[in-house]
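Trainee: sequence first, predicted model second:
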Amino acid sequence: MSTASEAGQEVRNGVYGSSGQQGRLPTNVDALFCADVFSERVMRQRLPKDVFKQLQRTIQKGEPLDAQLADVVAAAMKDWAVERGATHYTHWFQPLTGLTAEKHDAFIVPDGHGGALSEFTGSALVQGEPDASSFPSGGIRATFEARGYTAWDCTSPVFLAKNAGSVTLCIPTAFVSWTGEALDHKTPLLRSMEAVSTQALRMLRLLGADAGASRVTATCGCEQEYFLVDSALYHKRPDLVACERTLFGAKPPKHQQLEDHYFGSIPTRVMAYMTECERELYRLGVPVKTRHNEVAPGQYEIAPIFETANIASDHQMIVMEVLKKVAKRHGFECLLHEKPFAGVNGSGKHVNWSIATDTGSNLLDPRDETHTNMVFLCTLCAVIRAVDEHGDLLRASVAHASNDHRLGANEAPPAIMSIFLGDMLADIVEQLEAGSPKSTMKGGTLDLGATTLPQIPRHTGDRNRTSPFAFTGNKFEFRAVGSSQAVAWPTTVLNTIVADSLDKMCVELEKAIGKNGGNAAKVQAAVRSVLQGIVKKHKRVIFNGDGYDVAWHKEAAKRGLPNHRESVSALSVLTSKKNVQLFEKFKVLSKVESESRAHIYLEKYVKQLLIEAETAALMVRTLILPAAIRFQTELAEAVAATAAADVDPGETREQLEEYVELVDSLRKALARLEKESGHEGGDVHKHAEQVRDKVRPAMSDLREVVDALEQEIPADLWPLPTYREMLHVK
């Protein structure tokens, strides 16, 4: 089976792997794959050999980019793009809004003689200057200080974006302020990749392993869950349009309780949508592999093969954009919100993370005799220490208002950061704690009891979908990431905390064997001693049970594991002395950059919830309350007409009286929400706390009344599409 890094390389070269076998992609797909990417294959064809080799050394080995190459590369890139219809280019970047940004410039420039010519210089390729004043900076820059820079990330493929007949050359870039601080997700991610590479190589040198490796790369594969809603229904829901989640909606009689949607047959209309999405993504070089129905009705998933972390991050942003764009062509709207519908499963984005050498060795591949694999055991223990030591930071990396609807519910991992290892690794960790691992548990085979069925290999441990951070064969799956989230930030945190653990481990090993290593016996003894110490100190973070169980929450508290149940609490740790110093140590974020992110994320939390509150109030005032009053009038008229006919209204009168109380409760709940939403906080943290403690509960109370009214008001008077319609119209 291919390692994470090998799989990504195979796909980029137009080859796929399956059960250890490789072959060419089907002709139609092979011709489509990377068709709109300035790929390695294209560069090899269009660049002078020496320029190609120099650029590849920068891309693959991390060598500094030679500015003299830029003009040659830019000319080849422009010619390739123009041949395919491109008229503009853009520096494509990821500001701290959580989305992507781009400013388009034409290749066409005046020639000074009444004509025009096509021009794209090396300096235009390497550096751009978008206006930075309107992007969130968290106080790094004042509004009037507008200058910012984009810098070409040559390790991420340049691609062509096609929209409404226009073709634009998109150049993935980093985005920084005039003073050099990172204003984006890409810059810290690249810095963190350097940090984990440096420390992992240091570990390999001490262990005398993989001598040919010159770089270690973080790799990612990001599963993406999403909902599809019919466009006609979507546009009748102001909450979906403004907030991408339903602020009101009673649970329908049938939702996911029969578990008949999960992995079910994909509806024809949805299959057409998925197929077009895949073709778009193949064209852009995104190696998507898996598609299926998810748990909730109307919910689906798409997943790619592993890639280098920064490329995976860029591709994940492209996936989200393509999912939304293509949905409109099929009469759908794609919802990436973590919880668009209350009472049914929400959506996550599982980040599958590993690290691999440039020689193709995955450091988290346990191999057959795991207890003898020092590289794997050291990497595993570094991750265990990282999650225990920095669980608060890992939790903060997935903290935002919409993810609060998932974490801790019985559909997603709890907010407590723990590690699931499975039976085999748990057994080896116990052996490490005892002093020296001597055996590796074997999985065996399963006899399915029918001669027509094969005996299948049995894994040494089960999977655990309730764990936020689970080992799944040759990688860790960070399951707490939200579906709408840019993956660069949680991946940056993962890289940084593992780099820190590798650094601490190497310091201890160097004390025992020296910086240049030692003989095999001395190295093995030192490794056993260091790993034993790590396991004894940090084993509290290992939990292989049910993360949903209340008993685990009590046990986690006894173990001293942090439990930040909501985002305001979780985000406060970003400015703690420990975490600020961690980022500074590895030059991932400066103190100012850490503080700015805490401010930006809290400010976004406040804005998002206030938008939801104002939308909810507007919907009640203009849609729901008028409908409620109409039905109240109909009930009153029915009672009056019945009494006028000299018939006792009886239960109809009781219904009217109870209903009037419910409408009165609606008015009171609305007034409370409007009062709480109008409060202006002081500093952003206090405002976030006020929104959390006052506005959110008021929204919840208002929703309870509205959902009760939905069950009472006749369908012809109810002004909104219901869950029954939105979840089941395919």
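Mentor: Arrived safely.

Trainee: okay, helices next: where are they in the stretch 1-150 of the chain?
Mentor: 4-12, 27-32, 40-46, 49-61, 70-83, 122-126 (DSSP state H, counting those that start in this stretch).

Trainee: of those, which approaches P95 most closely?
Mentor: Comparing these by their distance to P95 (CB to CB), the top pick is helix 122-126, with 19.4 Å. Every C-beta, even on glycine, is put in place using the N, C-alpha and C of the backbone.

Trainee: surely A598 touches G138?
Mentor: Yes - between A598 and G138 there is a contact under CB atoms under 8 Å: 7.3 Å.

Trainee: for K324, see how far away A598 is.
Mentor: With the distance defined as CB to CB, to the nearest Å, A598 ends up 29 Å from K324.

Trainee: who's more crowded, these two?
Mentor: For A598 versus K324, neighbours defined as other CB atoms under 10 Å are more numerous around A598 (21 against 16).

Trainee: and the more buried one, what helix or strand is that in?
Mentor: helix 591-619 (DSSP states H and E).

Trainee: point to the residue nearest the middle of the chain.
Mentor: Centroid check for the chain by CA atoms, centre = their mean gives V487 as the closest residue, at 3.9 Å.

Trainee: next up, the contacts around that residue.
Mentor: C220, C222, A312, S313, Q316, K349, V351, V481 (CB atoms under 8 Å, 6 or more residues apart in numbering).

Trainee: give me the subset of these lying in strands.
Mentor: Members of the contacts of V487 lying in strands (criterion: DSSP state E): C220, C222, V351.

Trainee: closest to S156 out of these?
Mentor: C220 (12.8 Å).

Trainee: so what pLDDT did the closest one get?
Mentor: Per-residue pLDDT puts C220 at 94.

Trainee: E6 too?
Mentor: On pLDDT, E6 comes in at 41.

Trainee: for the residue located most distally from the centre of the chain, phi and psi?
Mentor: Distance to the chain centre peaks in the chain at D646, reaching 65.7 Å (criterion: CA atoms, centre = their mean). Dihedral angles of D646 (phi, psi; degrees, to the nearest 10) stand at phi 60, psi 40.

Trainee: same question for the one 5 residues further on.
Mentor: Note on E651: backbone dihedrals following degrees, to the nearest 10 are phi -70, psi -30.

Trainee: how about K585?
Mentor: The phi and psi values for K585, taken as degrees, to the nearest 10, are phi -60, psi -40.

Trainee: cool, K558 as well?
Mentor: Torsion angles, degrees, to the nearest 10, at K558: phi -60, psi -40.

Trainee: can you give me the neighbour number for it?
Mentor: Neighbour count for K558, taken as other CB under 10 Å: 8.

Trainee: what sits against it?
Mentor: For K558, the contact set (CB under 8 Å, 6+ apart) is empty.

Trainee: now find how far off-centre the strand or helix carrying T652 is within its chain.
Mentor: Assigned by DSSP H and E, T652 belongs to helix 651-677. Computed by CA atoms, centre = their mean, to the nearest Å, the chain-centroid distance of helix 651-677 equals 40 Å.

Trainee: how about stretch 690-708?
Mentor: Worked out by CA atoms, centre = their mean, stretch 690-708 lies 27 Å from the chain centre.

Trainee: that older thread, so which of the helices of the stretch 1-150 of the chain comes closest to R406?
Mentor: helix 4-12 (26.0 Å).

Trainee: what does stretch 133-142 contact?
Mentor: Stretch 133-142 has contacts (CB under 8 Å, 6+ apart) with 95-97, 101, 132, 143-146, 148, 175, 177-179, 181, 183, 592-593, 595-600, 603-604.

Trainee: go again using 6 Å as the cut-off
Mentor: Contact partners of stretch 133-142, identified using CB atoms under 6 Å, 6 or more residues apart in numbering, comprise P95, L96, T143, A146, S177, E181, L183, S596, H599, I600.

Trainee: what comes up buried for stretch 138-157?
Mentor: For stretch 138-157, the neighbour count (16 or more other CB atoms under 10 Å) marks 138, 140-141, 148-157 as buried.

Trainee: which one of those residues is nearest A551?
Mentor: Using CB to CB, these come closest to A551 at G138, 39.7 Å.

Trainee: tell me the pLDDT of the nearest residue to that closest one once chain neighbours are set aside.
Mentor: Excluding its sequence neighbours, the residue lying closest to G138 (CB to CB, 6 or more residues apart in numbering) is S596, at 2.8 Å. On the pLDDT scale, S596 is placed at 94.

Trainee: can you classify E301 as helix, strand or coil?
Mentor: strand (DSSP: H, G, I helix; E, B strand; the rest coil).
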